[in-house]
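Trainee: need a structure here:
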Amino acid sequence: MPTYDYRCETTGEVFEVKHPMALSVKTWGELSEIGGFDLGDIAPDSPVSKVLSTGGVVNSSSLKNPNLPPCMTGGGCSGGFCGA
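Mentor: You can find the predicted model right below:
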C-alpha cells in the first residue's frame, strides 16, 4: 500500500499515512481515522492537503551498475526478457 504525506491546513503539521491509491482524503477527521491519530483540538472537518514528494526515486548513481541494460538503450535483451 502506498504511503502519502498530508498537511493539516489548521496546524501546518505534516502526517504520513498508508492507504489505497483510490482513496481521496480531504479532512482531518478522515486522515485521523486512516492514520489512527487523535483528533485533539482540531475540528474533524478541517481541510488537509496531500503533499507531493519524490520518495522512491532511484537515480543511476546509486546502483551497483549505473549503465542502462541493453533493452533500455534500444538494444535487445537475449532470451526475450531483460535480465538486468
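Trainee: spatially nearest residue to residue 3, not counting backbone neighbours?
Mentor: residue 18 (5.0 Å; CB to CB, 6 or more residues apart in numbering). For the C-beta atoms, the positions are set from N, CA and C on the backbone; glycine is no exception.
Trainee: next, the contact list for the one you found, please.
Mentor: Residue 18 makes contact with 1-4, according to CB atoms under 8 Å, 6 or more residues apart in numbering.
Trainee: surely residue 25 touches residue 8?
Mentor: No - at 11.1 Å, residue 25 and residue 8 do not qualify as touching, with contact defined as CB atoms under 8 Å.
Trainee: hang on, the earlier thing: which of the contacts of residue 18 fall within strands?
Mentor: Judged by DSSP state E, the contacts of residue 18 include 3-4 as members of strands.
Trainee: find the residues that touch each one of residue 25 and residue 8.
Mentor: Common neighbours of residue 25 and residue 8 (CB under 8 Å, 6+ apart) are 31, 48.
Trainee: tell me the bridge partners for residue 15.
Mentor: Counting by DSSP bridges, residue 15 is bridged to residue 6.
Trainee: tell me the span between the first and last residue of stretch 10-21.
Mentor: 24 Å (CA to CA, to the nearest Å).
Trainee: hmm, which of the contacts of residue 18 are the buried ones?
Mentor: residue 4 (16 or more other CB atoms under 10 Å).
Trainee: confidence-wise, which of the contacts of residue 18 comes last?
Mentor: Ranked by pLDDT, the contacts of residue 18 bottom out at residue 1, which has 84.
Trainee: list the contacts for that residue?
Mentor: 18-20.
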